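Engineer: Curious how this folds, go ahead:
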Amino acid sequence: MIVAKTPFRMSFVGGGSDLEAFYSKDYGAVVSTTIDKYMYMMIHPYFHEKIRVKYSRTEDVDNINDLKHPIVRECLRLVGIEKGIEIASIADVPAGTGIGSSSTFTVCLLHALYAHKGKFASKEKLARDACKIEIGILKEPIGKQDQYAASYGGLNYLRFNSNGTVFVQPIVLDPAVKKRLERRLLMFYVGNERSAGSILGEQEMNMEKKEKYERMRKMAGLADSLKDSLSWGRIKDFGEILREGWLLKKGMARGISYPALDGYYEKAMRAGAAGGKLLGAGGGGFLLFYCEPKYQDRVRRALNLKELGVRFDSEGSTVIYTDK
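Structural biologist: Numbers count the residues shown, from 1 in each chain. Next up, the predicted model:
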C-alpha cells in the first residue's frame, strides 16, 4: 500500500500569465500558496491483474486503453504500469472550485505511482511530468502554475520563462507575519462548480488582442509587486493588490464573473474587506478576501456563505505511508 498526499493551492495574482500563449512572448508570474486541504491517493496491488480505479465512479478494466479517466490512463502509461493495480482517491474539497484540483490530482497520482515502482521523483520532475500529461498529451488549455504549486508546496513566486522553464522562488515570511496574513484571509464557497477549460481557452485566444495582452502584462506585474510587499512584510498591501488583480482579470474573458458573484463581492467590500478575488479561472468556486479581524464577522454576516477556514501548507506533495 502507498498513500500520497498533495495540497491544493490559492493563487493570489498573475493567474493566466502561466499560459504559453502569454509567457512565450514575455514572461509570466504568479504568487500562490498551498493550503492545508489535500488530495489523497492510495495505491494497492490488484489481485486480478487488472486495473481498478475509484474516484467519483469505479472503473474495473483489463486494458489500460479502456480507462475512461484520461489523467489516470496517461499517468499509468508515463510511469509504465499496465495492470495489477488498484487506485483510489479522496479529496478534502470537490473538483471545479478554483483551487487547482485537476493538477493536484495529477501530481498526487504520479507521486504515488512512482513510489509504487520504487522510484524517486523530485518536485521538479513531478511538476514537469504533470504538465506533460495535462498540457502536452491531453491538450488541456491550462497553464503550469497549479502543477508547480502542488508539487513544491509553500508560498512561492512562480516565474514562467519564454523558453518553457519555470523558476520557483519561495517567499519567506517571518512567522509572526505569516500568522497575521493567515488570520486576514477569508474563503467563502459560492458554488457553481465548473471546468476551467473553456474560460482559459478563451483567455489563450485573447492573447492575440493587444488590449488583453497588455492587461495580462499588468497582472503578471502585480505578482512582482506582491512578492516584494510580502518579502518586506507589508501585508497591508495585500488587499489592494488582490482587488486590482481581480478587476483586471474580469476583463480577460467572458464568464469569469457574473451578477450574483459581483453582488457578493460588493457586499464584502462594503462590510470592510480590503480586497478580494475569485480563486481559479472564474465562473464559480471560492471567493477569497483580505480583511482585518475587526471587520470579519461583518463580512460573514453580509455574505451568509459557507466558509472554509485554511492555513498555509509548506510541504508540497509527500508520500505519507508505504508498506512496501
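Engineer: drop to CA atoms for contacts and neighbour counts, all remaining ones
Structural biologist: Noted.
Engineer: and the nearest residue in space to Ser162 that is not next to it in sequence, how many neighbours?
Structural biologist: In this structure, Ser162 finds its nearest non-sequential neighbour in Ser24, 4.2 Å apart by CA to CA, 6 or more residues apart in numbering. By the criterion of other CA atoms under 10 Å, Ser24 has 16 neighbours.
Engineer: Does Ser24 touch Val166 like I think?
Structural biologist: No. Between Ser24 and Val166 there is no contact under CA atoms under 8 Å: 12.0 Å.
Engineer: Report the contact partners of Gln220.
Structural biologist: Just so we're on the same page, residue 220 is Ala rather than Gln. Listed by CA atoms under 8 Å, 6 or more residues apart in numbering, the contact partners of Ala220 are Val13, Gly14, Gly15, Ser17, Gly28, Ala29, Val30.
Engineer: Met65 - nearest residue in space that isn't next to it in sequence?
Structural biologist: Wrong residue type there; residue 65 is Asn, not Met. Excluding its sequence neighbours, the residue lying closest to Asn65 (CA to CA, 6+ apart) is Arg73, at 7.2 Å.
Engineer: quick one: Ile142 is in a helix?
Structural biologist: No. Read with DSSP: H, G, I helix; E, B strand; the rest coil, Ile142 is coil and lies in no helix.
Engineer: and it, how many neighbours?
Structural biologist: 24.
Engineer: Quick check, pLDDT for it.
Structural biologist: Note on Ile142: pLDDT of 90.
Engineer: just Ser198 next, same as before
Structural biologist: We have a pLDDT of 55 for Ser198.
Engineer: Check Glu204 too.
Structural biologist: For Glu204, the model assigns a pLDDT of 60.
Engineer: One more: the one 10 residues further on?
Structural biologist: Reported pLDDT at Glu214 in the predicted model: 91.
Engineer: Please give the element, helix or strand, for it.
Structural biologist: helix 210-231 (DSSP states H and E).
Engineer: What would that helix look like as PDB? C-alpha coordinates only.
Structural biologist: Only the C-alpha atoms of helix 210-231 are listed here, as PDB (Å, rounded to 0.1, in the frame of the first residue of the first chain):
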ATOM      1  CA  LYS A 210      -3.300  43.900 -27.800                       C
ATOM      2  CA  GLU A 211      -5.600  45.200 -25.100                       C
ATOM      3  CA  LYS A 212      -6.000  41.700 -23.500                       C
ATOM      4  CA  TYR A 213      -2.200  41.100 -23.700                       C
ATOM      5  CA  GLU A 214      -1.400  44.400 -22.000                       C
ATOM      6  CA  ARG A 215      -4.000  43.600 -19.300                       C
ATOM      7  CA  MET A 216      -2.200  40.300 -18.700                       C
ATOM      8  CA  ARG A 217       1.100  42.000 -18.500                       C
ATOM      9  CA  LYS A 218      -0.200  44.200 -15.700                       C
ATOM     10  CA  MET A 219      -1.500  41.100 -13.900                       C
ATOM     11  CA  ALA A 220       2.000  39.500 -14.100                       C
ATOM     12  CA  GLY A 221       3.400  42.800 -12.800                       C
ATOM     13  CA  LEU A 222       1.200  42.600  -9.800                       C
ATOM     14  CA  ALA A 223       2.800  39.300  -8.900                       C
ATOM     15  CA  ASP A 224       6.200  41.100  -8.800                       C
ATOM     16  CA  SER A 225       4.600  43.800  -6.600                       C
ATOM     17  CA  LEU A 226       3.100  41.300  -4.200                       C
ATOM     18  CA  LYS A 227       6.300  39.300  -4.000                       C
ATOM     19  CA  ASP A 228       8.100  42.500  -3.000                       C
ATOM     20  CA  SER A 229       5.500  43.500  -0.500                       C
ATOM     21  CA  LEU A 230       5.400  40.100   1.200                       C
ATOM     22  CA  SER A 231       9.200  39.900   1.300                       C
END
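Engineer: Identify all contacting residues around the following helix or strand past it.
Structural biologist: Per DSSP H and E, the first helix or strand lying C-terminal to helix 210-231 is helix 238-250. When contacts are defined by CA under 8 Å, 6+ apart, helix 238-250 is touched by residues 12-14, 215-216, 218-219, 222, 226, 229, 256-257, 273-278, 289-291.
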